[in-house]
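>>> Got a predicted model here, sequence first, then my questions.
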Amino acid sequence: MTTNTISSDAGADRRTFAIISHPDAGKTTLTEKLLYFAGAIRLAGHIRSRGEQRRTQSDWLDMERARGISVSSSVMTFEHTGLTFNLLDTPGHHDFSEDTYRTLSAVDSAIMVIDAAKGIESQTRKLFEVCRLRDIPIITFINKMDREGRDPLELLDEIESTLALDVSPITWPVGSGVNFYGSFDLLKSKLYTSSAGRGGAYDRDLSLAGIRDPELDRIVPPDMVNAFRDSAELAFSVYPAFDPESFLQGHMTPVLFGSALKDFPLPRLLQVLAEYAPAPQPQPAEPRPIRPEENRVTGFVFKVQANMDANHRDRVAFVRLCSGRFRRGMRLKHVRSGRALAVNNPIFFFARERDLAEEAYPGDIIGIPNHGTLRVGDALCEGDDVRFTGLPNFAPEVLRRIRLDDPIRGKQLKRALNDFAEEGVTQVFDLVSGNGAIIGAVGQLQLDVLSDRMQSEYGIRVGLEPAPYATARWVRSNDESAFKLFIERERHSIARDRDGEPVFLARNAWELSHTKDKWPAIEFLETRERSG
């Protein structure tokens, strides 16, 4: 757990980062092991471990534990080597891309985890593009070298060609699969290996004179060590030396080969993160970007989670601090409402565990318990009004009607749907015709989470039935008379989102295309910017 009071100079000792990957690449295992090597937990419970004593710290929803997947972003604050790290663990499943997108708006760097056997996968590519849009520097960790995988040079070439990134290997694998002996640090000439030999877990460092050091021949069989030397020399000659400035600009990624399950070379990964990842960066906002060195406190809500503590039915807003020194008890202006908000019980997170935050600095993530006052996109500030940008809603890909098995629970259902819509689990569209509500989700797994949490957290049993619509688009126009006529003529297909914004619901792709052609003065939007 973090300490209650942390000193800082404009957040210079903060490293706020996310871990991104395709499902099953090993992201949650890596998260657990980084916490373990940082001394934040005593026992790393990887994603497939069993028993109450080896539960993962970052997955806390019942459904996550049951299915072995991450479906909700979590935050873990810890200290290591004099720095404060804010680790944001993101959902890997594509059905939760909106939650991941919002989480990436709150970080300054990211670790991209790639499966050594599968290389760049679809979700990895999508998440990388989100990072690129925000110029987030990326450290690449190629995982599962203790299993049979692709050639390291082939993997680096794929990263270069697919993601248009310069790659600079920091560590190089010595063998792979059952013949994996460890990772060699190309910058420090150090071997991270196991005293148990091949297949063992990392437990020793050997400082060497280089890849030709005879000590390697005493550890690794001749055919394996020769293959390592050949490929490492080729990597030296083909790929550029690591350039920290190019990394910070988003043009280059340092690459480490290893195994999160066997701990290779996780202390080195933490070191690279500490040495090269940026301190808090300016945040995009209107009327101007917010810089961390500014004296007045500003921050924005990037996530809201209901029922983190089922016993208290709490609701917590996750706030990224962007400038100033925050102190518990401060009164901050809630820009959307124009009212002052007293922040008396801010918290630091360690997954579901929490601790009072007496003070916090740029880059820190604090939780603010509230009863619905704070929403995603909201800005909090001491000075002039500010609006943070880059936190959109996405048009859902799955639309359903919701059936309440017990009609007298209608009030509880409305509250639950509002909570889930705020979290980004689902969206709710109320038909202007008065024929009920339509539930929208990015994917089917979101609907599974909705049903599961409805029952476990609210005691409501619901059914999800097909809706007569296939897709949704927010609509707007600069032509007020044309827009009014459109709303009237298409009334049977118009709904309002939870902010009252108009949405067009199309029965199929043809109807959407036809309606666009029919109403050229109307814009049909796949995203809508949240604002606070």
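That came in fine, so what should we check first?
>>> Got the confidence number for the nearest residue to residue 177 once chain neighbours are set aside?
Leaving aside its sequence neighbours, residue 177 sits nearest to residue 148 (Cβ to Cβ, 6 or more residues apart in numbering; 4.2 Å). Glycine gets a C-beta too; all of them are placed from N, C-alpha and C. Note on residue 148: pLDDT of 95.
>>> quick check, residue 457 in a strand?
No. Secondary structure of residue 457 (DSSP: H, G, I helix; E, B strand; the rest coil): helix, not part of a strand.
>>> Check the spacing between it and residue 425 real quick.
Using Cβ to Cβ, to the nearest Å, residue 457 is found at 11 Å from residue 425.
>>> between the two, who's got more neighbours?
When neighbours are counted by other Cβ atoms under 10 Å, residue 457 and residue 425 differ, and residue 425 comes out ahead with 25 against 17.
>>> follow-up on the earlier one: I figured the residue nearest to residue 177 was touching residue 115, is that so?
No. With contacts counted by Cβ atoms under 8 Å, residue 148 stays clear of residue 115, the gap being 11.5 Å.
>>> Which one's more surrounded, the two?
Each of residue 148 and residue 115 has its neighbours counted (other Cβ under 10 Å); residue 115 has more, 22 against 13.
>>> For the closest residue to that one other than its chain neighbours, the count of nearby residues, please.
Closest residue to residue 115 apart from its sequence neighbours, by Cβ to Cβ, 6+ apart: residue 25 at 4.5 Å. Neighbour count for residue 25, taken as other Cβ under 10 Å: 27.
>>> coming back round to it: gap between the residue nearest to residue 177 and residue 176?
Per Cβ to Cβ, residue 148 is found 7 Å from residue 176.
>>> re earlier: show me whatever sits in contact with both of residue 457 and residue 425.
Shared contacts of residue 457 and residue 425, defined by Cβ atoms under 8 Å, 6 or more residues apart in numbering, are absent.
>>> thought the residue nearest to residue 115 was touching residue 116?
No. Look at residue 25 against residue 116 with Cβ under 8 Å: they stay out of range, at 9.4 Å.
>>> Please identify every residue contacting each of these two.
143, 144.
>>> For the closest residue to residue 116 other than its chain neighbours, grab the count of nearby residues.
Once flanking residues are discounted, residue 116 sits nearest to residue 149: 3.2 Å by Cβ to Cβ, 6+ apart. A total of 23 residues lie near residue 149 under the criterion other Cβ under 10 Å.
>>> With residue 109 instead?
That count, for residue 109 with other Cβ under 10 Å as the rule, works out to 22.
>>> for the residue nearest to residue 335 when sequence neighbours are not counted, what are its contacts?
With Cβ to Cβ, 6+ apart as the criterion, residue 335 has its nearest non-adjacent residue at 4.3 Å, and that residue is residue 379. Each residue near residue 379 by Cβ under 8 Å, 6+ apart is listed here: 285, 298-301, 334-336, 385-388, 532.
>>> Is residue 168 in contact with residue 244, as I believe?
No. At 10.1 Å, residue 168 does not count as touching residue 244 under the criterion of Cβ under 8 Å.
>>> rewinding a little: now, of the contacts of residue 379, which are buried?
Neighbour counting with 16 or more other Cβ atoms under 10 Å marks 285, 298, 299, 300, 301, 334, 335, 336, 386, 387, 388, 532 as buried within the contacts of residue 379.
>>> SS state for residue 267?
Secondary structure of residue 267, per three-state DSSP, is helix.
>>> who's in contact with it?
Residue 267 neighbours (Cβ under 8 Å, 6+ apart): 37, 192.
>>> For it, report the pLDDT, please.
With respect to pLDDT, residue 267 scores 95.
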